[in-house]
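> I'll drop the sequence and a predicted model, then ask my questions.
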2 protein chains.
Amino acid sequence: MNRIEPLSADMFDADCAHRMPFRIGDKWSAMIMRCLEAGPRRFTELKVPLHRVSPKVLTETLRAMERDGWVTRTVYDENPPRVEYALTALGRSLLDPMDHLCAWTRAHREEILGAREEPAGTPSVLRGARGE
Amino acid sequence: MNRIEPLSADMFDADCAHRMPFRIGDKWSAMIMRCLEAGPRRFTELKVPLHRVSPKVLTETLRAMERDGWVTRTVYDENPPRVEYALTALGRSLLDPMDHLCAWTRAHREEILGAREEPAGTPSVLRGARGE
DNA sequence: GGGGCCGGTTCCCTTGAAGTAACCGGCCCT
DNA sequence: AGGGCCGGTTACTTCAAGGGAACCGGCCCC
């Protein structure tokens, strides 16, 4: 088995992840999927890029993903304990629509950010249309 | 302007909309987008397929979508008042990734529903791996 | 025996999204 | 004068997701 790159701590900065108007599963699922994209990861390994996730929430999320058939949980009977999470085929197939979402977000980034910056009181279009 | 089909009251049954593991914007945004796909709609018209939405939430959602540049709100100065909501080009471009999501959901429907039905206590895979 | 690593669990609290119910103003019609 | 249509608004409540802090058991090492 060839070496797998460690996950970078700033994998999810306030960019693609933040303010993305989409959501896959719950708050952390999409990020976890990206973490598992390159290969199986263990619990503590996942905590690195997911700075702000508490172990409770991470467990909950992983359990939900397991229940939905997106990931597998493999316990190795070693010491200290080792648990690995990996994408299933179903989970992996989900990366495809996710990529489309990311592509859309990347393509319309400026437009999205711009829309929110417009002068607060931008009036709704109003038309006198009596004789329409 | 040619006639536009009225929205069916059972447009969103417990199928594509319900239990879909994706979310576009907030709870109702994706459904609203589908409602606007064929052309502009007015407030009361939107309420028909969105059975359970309260006027408050519908207003909130539409305002948020307007703020994000997904829809326009056009007030016609008539009586009784008429307000029409329509997709912007940006909003319309969002339908494309949404279609991918829907296609994925349709393709993996059985698999998704199946995963949750498995015997509750399905054990995690466990491997003795001392000599790995 | 004290501390650390690992993969969690438990309890409690906060937050924000969403739901419920009631009401509103303008104008038309009867 | 009363009622209805339209597109909302306002105030109150509910509920689940998420976050924080603390603790746990097993085994190893010092």
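Cool, the structure landed.
> ok, now how distant is A:Met98 from DNA strand D?
16 Å (C-beta to the nearest atom of the strand, to the nearest Å). From N, CA and C alone the C-beta is placed, and that goes for glycine too.
> that residue falls within a helix, correct?
Yes - counting by DSSP: H, G, I helix; E, B strand; the rest coil, A:Met98 is located in a helix.
> next, the buried residues of stretch A:108-117.
For stretch A:108-117, burial by neighbour count (16 or more other C-beta atoms under 10 Å in any protein chain shown) applies to A:108, A:112, A:115.
> is that stretch positioned near DNA strand C?
No - counting by C-beta under 7 Å from any atom of the strand, no contacts exist between stretch A:108-117 and DNA strand C, the nearest distance being 13.9 Å.
> now stretch A:38-46
Yes - against DNA strand C, stretch A:38-46 shows contacts by C-beta under 7 Å from any atom of the strand at A:42-45.
> and stretch A:41-59 with DNA strand D, contact?
Yes - Stretch A:41-59 reaches DNA strand D (C-beta under 7 Å from any atom of the strand) through A:52-57.
> Serialize the residues you listed to TSV and add fields for pLDDT, secondary structure and neighbour count.
Formatted as TSV, the residues of stretch A:41-59 next to DNA strand D follow (pLDDT from 0 to 100; DSSP: H, G, I helix; E, B strand; the rest coil; neighbours: other C-beta atoms under 10 Å in any protein chain shown):
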residue	pLDDT	secondary structure	neighbour count
A:Arg52	87	coil	8
A:Val53	95	coil	18
A:Ser54	96	coil	10
A:Pro55	97	helix	10
A:Lys56	97	helix	8
A:Val57	97	helix	14
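> for these, which one is nearest A:Asp26?
Distance to A:Asp26 across the residues of stretch A:41-59 next to DNA strand D (C-beta to C-beta) is lowest for A:Val57, with 8.9 Å.
> show me what contacts that closest one?
A:27-28 (C-beta atoms under 8 Å, 6 or more residues apart in numbering or on different chains).
> surely A:Arg116 is within a strand?
No - A:Arg116 sits outside any strand when classified using three-state DSSP, being helix.
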